[in-house]
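Peer 1: Make a model of this:
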Amino acid sequence: MRINLSPLFTEDPLTVSKQGDALTINGEVFDFSDLPDGATIQNGYVTKVIPCDWIVGPVSRIDGELHLTLVLPHGPNPSQAVAFPDPIADPADGEIQLPRDPEPEEEDHVEA
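Peer 2: Down below sits the predicted model:
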């Protein structure tokens with residue numbers, strides 16, 4: 001599986017886990033195990049074949065490997081690693097660690 005990431009400024013949370021050719025995205029399972037080699041599911045903003053706003057663009061199986069793009073949520077000032085993420089190649093089954101920036105720390109305001 002090869003997962004490309006498309007950064008988007010949003011406060012919506014994203015959790016992704018993988019089991020074989022199935023992805024669980026925010027608790028909803030999307031199983032692509034029946035997608036044959038060389039086939040593509042066209043999915044876009046105008047036509048949503050896959051009922052998931054986190055999957056953008058087509059999902060293809062190329063030489064036996066799934067290729068897809070997920071939205072990568074980020075805050076107002078993403079780091080280089082989040083703004084320009086590397087694809088995730090051959091993730092292991094289980095939770096997929098997406099690039100994330102640390103939460104901003106709250107500053108203590110002391111009245112003088």
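
Peer 1: Where does the spatially most central residue of the chain sit, in terms of helix or strand?
Peer 2: In the chain, the centroid-proximal residue (CA atoms, centre = their mean) is Leu70; its distance is 3.2 Å. Using DSSP states H and E, Leu70 falls within strand 65-74.

Peer 1: Could you pull out the strands in this protein for me?
Peer 2: Taking DSSP state E as the test, the strands found in the chain are 2-9, 16-19, 22-25, 28-31, 40-41, 59-62, 65-74, 88-89, 94-95.

Peer 1: Same list, those strands, but as CSV with distance to Pro51 and mean pLDDT please.
Peer 2: Any C-beta I mention is one placed from the backbone N, CA and C, and that applies to glycine too. Below are the strands of the chain laid out as CSV (distance: least, CB to CB, whole Å; pLDDT from 0 to 100):
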stretch, distance to Pro51, mean pLDDT
strand 2-9, 18, 97
strand 16-19, 16, 98
strand 22-25, 11, 98
strand 28-31, 8, 96
strand 40-41, 12, 94
strand 59-62, 13, 96
strand 65-74, 14, 97
strand 88-89, 22, 96
strand 94-95, 22, 97
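
Peer 1: now for the ones you listed, which one comes closest to Val82?
Peer 2: Val82 lies closest to strand 65-74 among the strands of the chain, at 4.8 Å (CB to CB).

Peer 1: same for that closest one, what does it pack against?
Peer 2: Strand 65-74 sits against strand 2-9, strand 59-62, helix 80-83, with contacts defined as 3 or more CB pairs under 8 Å, 6 or more residues apart in numbering; DSSP states H and E.

Peer 1: Of all these, which one is nearest Leu98?
Peer 2: Of the helices and strands packed on strand 65-74, nearest to Leu98 by CB to CB is strand 2-9, at 7.2 Å.

Peer 1: So Pro85 is in contact with Pro7, correct?
Peer 2: Yes - using CB atoms under 8 Å, Pro85 makes contact with Pro7 at a distance of 6.7 Å.
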